[in-house]
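J.: Predicted model and sequence below, questions to follow.
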Amino acid sequence: QVQLAESGGGLVQAGGSLRLSCAASGRTISSAAMGWFRQAPGKEREFVAAINWSGTNTYYTTSVKGRFTISRDNAKNTGYLQMNSLKPEDTAVYYCAVRMRYSAYALNKNEYDTWGQGTQVTVSS
């Protein structure tokens with residue numbers, strides 16, 4: 001059984017950057033698609049970015065396109081979300097998730113079978 005652990009969240013001023021990591025343990029995720037989602041207080045968990053098993057295909061929600069970059073290092077069993085030009089509206093708990101039986105990414109959170117505990121990102125104005 002695979003476990004995911006996010007790290008790298010914190011408090012940053014608007015315009016700043018953070019790099020989130022998603023470390024997997026228990027099993028390799030090298031053939032699994034990965035996604036990042038976020039949930040702000042009182043809102044639904046929403047899709048942010050996704051990447052296929054090899055890192056050759058990525059997809060971003062419109063609001064983060066050009067600011068966030070998703071990547072992965074299968075040798076380290078870890079995924080990343082580089083977040084630049086952060087805005088107060090990016091404030092949320094960020095979650096990574098994987099699709100252990102699928103190598104292609106999905107945009108719907110219900111397509112992901114394993115989730116991390118989340119890491120808080122707070123962007124001050």
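T.: Structure's in. What do you need? Residues are numbered from 1 along each chain as shown.
J.: in the sheet, who's paired with the residue nearest to G9 when sequence neighbours are not counted?
T.: Excluding the flanking residues, the one nearest G9 by C-beta to C-beta, 6 or more residues apart in numbering is T119, at 3.4 Å. For the C-beta atoms, the positions are set from N, CA and C on the backbone; glycine is no exception. As for beta bridges, T119 partners with Y94 under DSSP bridges.
J.: Same question for G10.
T.: Residues in a beta bridge with G10, per DSSP bridges, are V121.
J.: phi, psi of the most centrally placed residue in the chain?
T.: Nearest to the geometric centre of the chain sits W36, at 2.5 Å (C-alpha atoms, centre = their mean). Torsion angles at W36 (phi, psi; degrees, to the nearest 10) stand at phi -120, psi 140.
J.: can I assume it is in contact with V98?
T.: No - contact between W36 and V98 fails when scored by C-beta atoms under 8 Å: they sit 10.7 Å apart.
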